[in-house]
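Asks: Make a model of this:
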Amino acid sequence: MKRLIVFLLIICAASSPLFAQSGSGSVKTETFKVAGNCDMCKQRIEDAAYGKGVKTAEWNKSTGELTITYRTSKTDAATILRRVASAGHDADTFRAPEAAYGALPDCCSYKSNANQH
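Replies: Prediction:
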């Protein structure tokens with residue numbers, strides 16, 4: 001009897017994540033090139049990427065790649081990359097507005113490469 005109860009608890013625990021994701025749209029992970037230099041850039045890029053539907057956003061300083069995981073029913077990659085560009089960082093097909101790029105700290109001026117960290 002004790003084994004049966006333990007078995008049922010394991011089955012219930014294992015199936016609960018399946019029920020939590022049903023009906024909430026598919027989850028997609030994609031990687032994009034995003035320009036930046038330093039840890040301040042990393043924080044700004046990741047903060048800009050987060051929004052409705054974004055589960056994770058991780059920018060790698062050495063590769064210049066932003067990996068995002070998001071729910072396709074709530075957002076799309078273009079929306080996320082537009083937010084990143086609006087924060088001052090060129091992102092694949094979206095270029096940062098000059099005003100946003102100009103507002104970045106000197107160490108984040110990735111176009112000149114003069115302030116690499």
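Asks: How is R44 assigned, secondary-structure-wise?
Replies: Secondary structure state of R44, per DSSP: H, G, I helix; E, B strand; the rest coil, is helix.
Asks: What is the burial count for the closest residue to K55 other than its chain neighbours?
Replies: The spatial neighbour of K55 that comes closest, neighbours along the chain excluded (Cβ to Cβ, 6 or more residues apart in numbering), is T69 at 4.5 Å. Just so you know, the C-beta spots here come from the backbone N, C-alpha and C atoms, and that holds for glycine as well. Using other Cβ atoms under 10 Å, the number of residues around T69 comes to 14.
Asks: T69 contacts S26, doesn't it?
Replies: No: the pair T69 / S26 is not scored as a contact, 11.1 Å apart, by Cβ atoms under 8 Å.
Asks: phi, psi of the spatially most central residue of the chain?
Replies: For the chain, the residue nearest the mean C-alpha position is A57 (2.1 Å; Cα atoms, centre = their mean). Main-chain torsions, A57, degrees, to the nearest 10: phi -150, psi 120.
Asks: and it, what does it touch?
Replies: Each residue near A57 by Cβ atoms under 8 Å, 6 or more residues apart in numbering is listed here: I45, E46, A49, Y50, L66, T67, I68, T69, I80.
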